[in-house]
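Enquirer: model this:
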Amino acid sequence: MLDLHCHILPGIDDGAKNAEISLEMLKETKKQGVQAITFTPHFHVNRISIEDFVKVRNKSYQQLMEIEEVKSLGIKFKLGAEIYFSTKLNEMDVEPLCFTDTNYILVEFPTNERPYGLKHTMVDLLNRGYQPILAHVERYPYFTDDPNQLYDLIEMGCVAQINAGAILDGEKAALRYIKWGMAQLICSDSHNMKNRQPNLKGGYDLVRKKFGEDYIDWFEKNARDVFKGRYVDEPMLKRPKKIFGMWF
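Expert: Alright, predicted model coming up:
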């Protein structure tokens, strides 16, 4: 397994508060069988410049890498960011925020309402050669109310990610997106060891139970492809249909 969305870097966002907690999270992640991780601390364009963010992120990463026990875990690491959506991304060079040596960027949307310029910004990023990964798509009520909005973004080239915790909690949106081929990645989005701990294995195990081994193989291949900077296989999308007020 590979985890491409987590907040394990110490002291940089609302994730691990210090290196000791980061180490504990990494040890649990390794125990679950994760072989590679992309660190994705939060980035807000209105709070910090890309240049300053990269400096802070690199300092946090170096602090973690100075711990011998971290290096002995044998996990492969890459750096990235969870970018809070803004139309300002159209005007910015976001290459420093991409997953290391790839063109993938992880983008988070507001949870209260669909942001103005969402589709236009995603089209712009795609046209400039970036590959947007849409973070925890099960959280957005505008996608839940009309999943065809998410379908259209995936069809034009975006990649959709869901959280393992949502699967374990039995959230209908997450399970439907898997069923419809509208989720290409499962990640932990782990923040700590209390209420948002590493849980990728649990999410994968439940998907295996509900949907079968072929789904696991597909999710794992997609994660490897993203980590290596390759294109994700074209999903077998099923456009949702609304019948008698229910989505099928």
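
Enquirer: from memory residue 237 sits against residue 182, does it?
Expert: Yes: in terms of CB atoms under 8 Å, residue 237 counts as a neighbour of residue 182; the distance is 6.5 Å. No exception for glycine: its C-beta is placed from N, CA and C like everyone else's.

Enquirer: Compare these two and say which is more crowded by neighbours.
Expert: residue 182 (25 against 12; other CB atoms under 10 Å).

Enquirer: Just the element for the more buried one, please.
Expert: Counting by DSSP states H and E, there is no helix or strand that carries residue 182.

Enquirer: what's the distance between it and residue 64?
Expert: 34 Å (CB to CB, to the nearest Å).

Enquirer: What pairs with the helix or strand of the chain with the lowest mean pLDDT, parallel or antiparallel?
Expert: One helix or strand of the chain scores below all others by mean pLDDT, DSSP states H and E: strand 246-247, with a mean of 84. Here strand 246-247 has these sheet partners by DSSP bridges: strand 242-243 (antiparallel).

Enquirer: shared neighbours of residue 237 and residue 182, anything?
Expert: Counting by CB atoms under 8 Å, 6 or more residues apart in numbering, the residues touching both residue 237 and residue 182 are 151, 154.

Enquirer: As a check, name the ranges of all helices in this protein.
Expert: Remark: helices assigned in the chain by DSSP state H are 19-31, 50-65, 68-72, 118-127, 141-145, 148-155, 164-168, 172-179, 200-211, 213-227.

Enquirer: Let me know which of these is the nearest to residue 91.
Expert: Proximity to residue 91, assessed across those by CB to CB, is greatest for helix 118-127 (9.4 Å).

Enquirer: pLDDT averaged over the closest one - what is it?
Expert: What helix 118-127 shows for mean pLDDT is 97.

Enquirer: what's next to it, contact-wise?
Expert: 85-87, 89-90, 94, 105, 107, 109, 132, 152-153, 156-158.

Enquirer: Buried members of these into PyMOL, please.
Expert: For the buried members of the contacts of helix 118-127, the matching PyMOL selection, counting by 16 or more other CB atoms under 10 Å, is:
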select buried, resi 85+86+89+94+105+107+109+132+153+157+158
